[in-house]
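A.B. asks: below is the structure, and that's it, no one-letter string:
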C-alpha cells in the first residue's frame, strides 16, 4: 500500500494504470506539462487530485480529470544527476540538519511513503534538490516526536547535541521541529547556548508536504540560505511569512509566538518586525543589536521544571496557587491582565508564596506590549508584595527562562538576577 | 490640594499665580490660543506641562515655557451654555451610561479632581459636551473597581441591572469599564443577556483623560453614535482603533481580546475585521450575521465559577490538573498548542478527570485560528479521551462560557450542549 500512500478511488486507479508510485519522478501532461515527484497524501483528501512536488519546491495538485498523460521518468536519470550535484557541492559551506520530528520531518520523507522522520542527507537532497546547490547538508535524526510531546528533557538533548558540535566546521545548524512548541524550544536553546558560535535555525512546516500549499521545502531552502549567508549568531525560528507566498521570515528565538493554529504565516515576532526577511534573491536584516548580549559561548545546560504559568482571570480561584506551593513549585510566572495585574483576591496567596521563597514574575496575557506596574495602585500593590515585573518578555519565554534560571542558580537571589539579565534579546 | 491635583513645581506655581483651578474653563495664549478645561494630572509627569481638554474631546499638553497668558473664563458663561444644550436635546434618543470603574470612569471626573468614578449625567455632559448633541444620557454608578478586581459576581450585578431595564425606553446602554478584563465581562453579558432588545457598548479608555493622548472622550462619543444610529442588537466593545487616530472600532463582545498592554488600539477582533468601524461621519458595518443567534430575549443569569483555564506547555506538571479535580472543579478549558494538543504526559490525568464527569474543552494558545483535532494522531487521541474541541472560540470566552453553561444546566450533558451551541457569535 505504501507505494500509493494516501491515494484512493479514481486517483489510485490512474496511478496503478500508469505504474507511477509515490517517490517516482513523473511527467504529467494536463493543461500544462508538470515534471516533479509524486507525493503521497497523508491527510484525508478527495480522490480526484494527484500531488506533484515541482523542482521549485512547491507542490501542485493536479485534477485527474484534466490529465492527458502520465510518464514515469526512469530513476537512473535522476540518480546520476543527483550524484553529480553532490560532487560539485563539496566546496560549499557545511550545514547540519538535526531532525526532531514534526510535520516537516515526517512528511518530507515521501520517498518511502512512511510517516517516520527519516531525513537522511541523501533523502533530503533528493526531496529538496535546491539545498544541494547552497550547502552540503549532513543530516541526523535525534528523535521523532510531534512537538506537543516534547518535554524539557528533549530540549536538553538538543542542547547537548549542539554543545557537542560547537567546535565543528558547520556554518550553521537547522533543527527540523514541530511547530506547536517550537518557540518554547527556541527560547530554551537561546538561554542554554548563549553565544553559540554559529547561527541555529529552527524550521518547521505548517502544511504537510503532501499538500499543494506545503511550506516545508520553501522554509528549508530559506533557512539554508540564511545560515550560510547572514553571518550572525543566534537562535532563530525560520518560517513562512504571511504577507507574501515568496517570503520567509526569521524570528528571534525568544521573541516569537505561534499566533495562528493553521495558516502558513502563523509565527510572529512580538512587538517588532522579524529579525530577517528572506526572499529568493535577498536577505534583509531588520535586527539592530546582536542576538546574544554576551558574545562568548557560555553553555548552561541545566534546568528545573518546577515552574508554573498562571493565567489570571476573573473568578480565578486563589487555591490553585496555594496548591502550587504544596506541590513544591519554586517559581510562578503570572500572565496578568493589562499592564500586569491580578485581582485583590490573589494578594494573600501571593504574600504566602513570597514568604516561602517562591519567585513570582509578572508578564501580560495581552502578549504584546510591556508590563508596567507603576501606573496604577493595583500594580504598585503587587510590587509591594514582591512580584517582579518582566517588562516585555513573552509569557512562554518567561516560563522557559524561569526553568533555566532555576536550574542554573543555587538560590532565589541568583535566580532572580538571571531572570532580569538580558541574555538573548528576550527583553 | 485637589484644586491643583497632580501639578507640582513650576506648573503648579503658574496655575496658582493665575488662579486657575482644575475643572476651570481657561484660555491659554501660547504658540496658538487654546480654550478648554484644565485637567488634573494623575500619573507621574513632569512639572513643565499643563493639560487642557479641548472642545473636540482631545487633550493637549502645553509647555509652560511657551505660555504667554492664562485667562480663566467665568463659570456662569459655561453653565448657561450647558443648560441651554440640555434643553435642546430632549427630543434625542435616550442612552444610559452605567459606570463600573476603570480609567475611563475615574479619570473623566476631572471637575472634582478626585479619582472616584462619579460620572453623574451633568458631569459627563460637561466633560464631553459632544454627547449632549447626540443623545440624552442618564448616568448611574454601579460600582467602582479597576477591572482586574472585577469578579464573576460583578458580572452578575451588571447583568441584573441590565435585565431590570430591558423594557425601558433607552436606545442603548454604555458600560464604562476598565480595559483589563473588559472582554471577559462582554463575553458573560453576551451569554447571560442573549437577545437583549437594545445594543450594549462596553467602553473603556487606554489612556487616562489627564494625558494628551487620552481616548476617553473619543470612545464615548463613538459609542453613543453607534448605539443611537446602528440599529443592531448585541454586546460590543467600543474602543480606539489602531490604524487611525480618528477611528473607533466596535468588536463583537465574544470575539475580542486586549492584545496590547498600553497602546490605544489594544483591542482586536480575533480572526476577522471588527463588526463596525466608526468615523466622525460614518458607521461602516462589517458584521454579516446577527450577533445573537436567537432573536428572543432570554436572560440566563446564573453562573458557576468552578472552571479552570489550563495553558499547556512543555514541562507542564500533570499533578496540577489532578489537583483541580481535588479542588472540586467541574470544567477545564485547555489552552492547547497549535491545532489543540497537549502532550502524552497529560493523557492519564485527562482520562481520570473525564471519568469524574469533568467537562474538558479544547482551545488554542495560538489565540487565532481554529482548533482542529482530526489532523494528527495526537489530536485524535485526545478526542478519544473525551476532550471537546471548541473550534475557534477564544480561550477566555470559552472559560466564561463554561462558567455560564455550568450555572445554567443541571448536568454535564446539558452543559456540553450549551457549550457547543452558538449563542452570541462566539463560534
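C.D. replies: Perfect, I can see it now. Since we're looking at a predicted model, the values are computed, not measured.
A.B. asks: quick one: contacts for the closest residue to residue A:295 other than its chain neighbours?
C.D. replies: Excluding the flanking residues, the one nearest residue A:295 by C-beta to C-beta, 6 or more residues apart in numbering or on different chains is residue A:195, at 5.8 Å. The way it works is simple: take the backbone N, C-alpha and C, and place the C-beta from them, glycine included. Applying C-beta atoms under 8 Å, 6 or more residues apart in numbering or on different chains to residue A:195 gives the contacts A:233, A:292, A:294, A:295, A:296, A:297, A:298.
A.B. asks: one more: residue A:46?
C.D. replies: Contacts of residue A:46 by C-beta under 8 Å, 6+ apart: none found.
A.B. asks: the residue of the stretch 151-300 of chain A found nearest chain B - how many residues pack around it?
C.D. replies: When distances are taken as C-beta to the nearest C-beta, the stretch 151-300 of chain A approaches chain B most closely through residue A:261, which lies 3.2 Å from it. Each residue near residue A:261 was counted by other C-beta atoms under 10 Å in any protein chain shown, and the total is 27.
A.B. asks: and the closest residue to residue A:374 other than its chain neighbours, helix, strand or coil?
C.D. replies: Ranked by C-beta to C-beta, 6+ apart and with sequence neighbours excluded, the top spatial neighbour of residue A:374 is residue A:380, at 6.2 Å. In three-state terms, and counting by DSSP: H, G, I helix; E, B strand; the rest coil, residue A:380 is helix.
A.B. asks: and residue A:380, how far from residue A:202?
C.D. replies: Summarising the geometry, the distance separating residue A:380 from residue A:202, computed by C-beta to C-beta, to the nearest Å, is 39 Å.
A.B. asks: for residue A:99, same thing?
C.D. replies: 12 Å.
A.B. asks: those two: which has the busier surroundings?
C.D. replies: Each of residue A:99 and residue A:202 had its neighbours counted (other C-beta under 10 Å), and the higher figure belongs to residue A:202 (32 against 25).
A.B. asks: can you name the next helix or strand after whichever strand or helix holds that one?
C.D. replies: Per DSSP states H and E: residue A:202 is located in strand A:200-203. Heading C-terminal from strand A:200-203, the first helix or strand you meet, by DSSP H and E, is helix A:216-229.
A.B. asks: can you tell if that next one touches chain B?
C.D. replies: No - with C-beta under 8 Å from any C-beta of the partner chain as the measure, helix A:216-229 is seen stopping short of chain B, the closest distance being 15.3 Å.
A.B. asks: gap between that helix and the chain center?
C.D. replies: The chain centroid and the centroid of helix A:216-229 are separated by 13 Å under C-alpha atoms, centre = their mean, to the nearest Å.
A.B. asks: kindly report the same for stretch A:409-426.
C.D. replies: Computed by C-alpha atoms, centre = their mean, the chain-centroid distance of stretch A:409-426 equals 25 Å.
A.B. asks: in that stretch, which residues are buried?
C.D. replies: Judged by neighbour count using 16 or more other C-beta atoms under 10 Å in any protein chain shown, the buried positions of stretch A:409-426 are A:409, A:415, A:416, A:418, A:419, A:423, A:424, A:425, A:426.
A.B. asks: what's the mean pLDDT across that stretch?
C.D. replies: In this model, stretch A:409-426 has an average pLDDT of 96.
A.B. asks: quick one, what contacts the closest residue in space to residue A:305 that isn't next to it in sequence?
C.D. replies: Spatial nearest neighbour of residue A:305, chain neighbours left out: residue B:315 (4.1 Å); criterion: C-beta to C-beta, 6+ apart. Under the criterion of C-beta under 8 Å, 6+ apart, the contact list for residue B:315 reads A:151, A:152, A:305, A:307, A:403.
A.B. asks: now swap in residue A:168 and tell me
C.D. replies: Here residue A:168 is in contact with residue A:96 (criterion: C-beta under 8 Å, 6+ apart).
A.B. asks: and the one 5 residues further on, by the same measure?
C.D. replies: Listed by C-beta under 8 Å, 6+ apart, the contact set of residue A:173 reads A:95, A:96, A:97, A:98, A:162, A:165, A:198, A:199, A:200, A:201, A:227.
A.B. asks: circling back to that earlier point, the residue nearest to residue A:374 and chain B, how far apart?
C.D. replies: Residue A:380 sits 11 Å away from chain B, taking C-beta to the nearest C-beta, to the nearest Å as the criterion.
A.B. asks: isn't that residue up against residue A:373?
C.D. replies: Yes - Residue A:380 is within contact range of residue A:373, at 6.7 Å (criterion: C-beta atoms under 8 Å).
A.B. asks: more crowded one of these two?
C.D. replies: Under the neighbour definition other C-beta under 10 Å, residue A:380 and residue A:373 were set side by side, and residue A:373 has more, 20 against 12.
A.B. asks: not counting sequence-adjacent ones, nearest residue to the more buried one?
C.D. replies: Take residue A:373 and drop its neighbours on the chain: the residue closest to it by C-beta to C-beta, 6+ apart is residue A:379, 3.4 Å away.
A.B. asks: next, count neighbours for the one you found.
C.D. replies: Residue A:379 has 24 neighbouring residues, counting by other C-beta under 10 Å.
A.B. asks: could you do the one 10 residues further on as well?
C.D. replies: Counted with other C-beta under 10 Å, residues neighbouring residue A:389 total 21.
A.B. asks: can you pull the contacts of it?
C.D. replies: With contacts defined as C-beta under 8 Å, 6+ apart, the neighbours of residue A:389 are A:340, A:361, A:362, A:371, A:372, A:373, A:383.
A.B. asks: list buried residues within those.
C.D. replies: For the contacts of residue A:389, a neighbour count by 16+ other C-beta under 10 Å gives the buried set as A:340, A:361, A:362, A:371, A:372, A:373.
A.B. asks: tell me which element the second one falls in.
C.D. replies: Assessed by DSSP H and E, residue A:361 sits inside strand A:359-364.
A.B. asks: which residues touch that strand?
C.D. replies: Strand A:359-364 has contacts (C-beta under 8 Å, 6+ apart) with A:330-340, A:350, A:353-354, A:370-371, A:373, A:382, A:385-390, A:393-395, A:398, A:402, A:406, A:412, A:415-416, A:419, B:261.
A.B. asks: let me see the domain layout of chain A.
C.D. replies: Structural domains assigned to chain A are A:2-73, A:78-285, A:307-420, following automatic domain parsing.
A.B. asks: dihedrals phi and psi, the closest residue to residue A:18 other than its chain neighbours?
C.D. replies: By the measure of C-beta to C-beta, 6+ apart, the closest residue to residue A:18 outside its immediate chain neighbours is residue A:70, 4.1 Å from it. As for residue A:70, its main-chain torsions (degrees, to the nearest 10) stand at phi -120, psi 120.
A.B. asks: so what pLDDT did residue A:70 get?
C.D. replies: The confidence metric pLDDT takes the value 91 at residue A:70.
A.B. asks: and the helices in the stretch 301-427 of chain A, which stretches?
C.D. replies: Secondary structure of the stretch 301-427 of chain A (DSSP state H, counting those that start in this stretch): helices at A:319-326, A:347-355, A:377-384, A:395-407, A:412-420.
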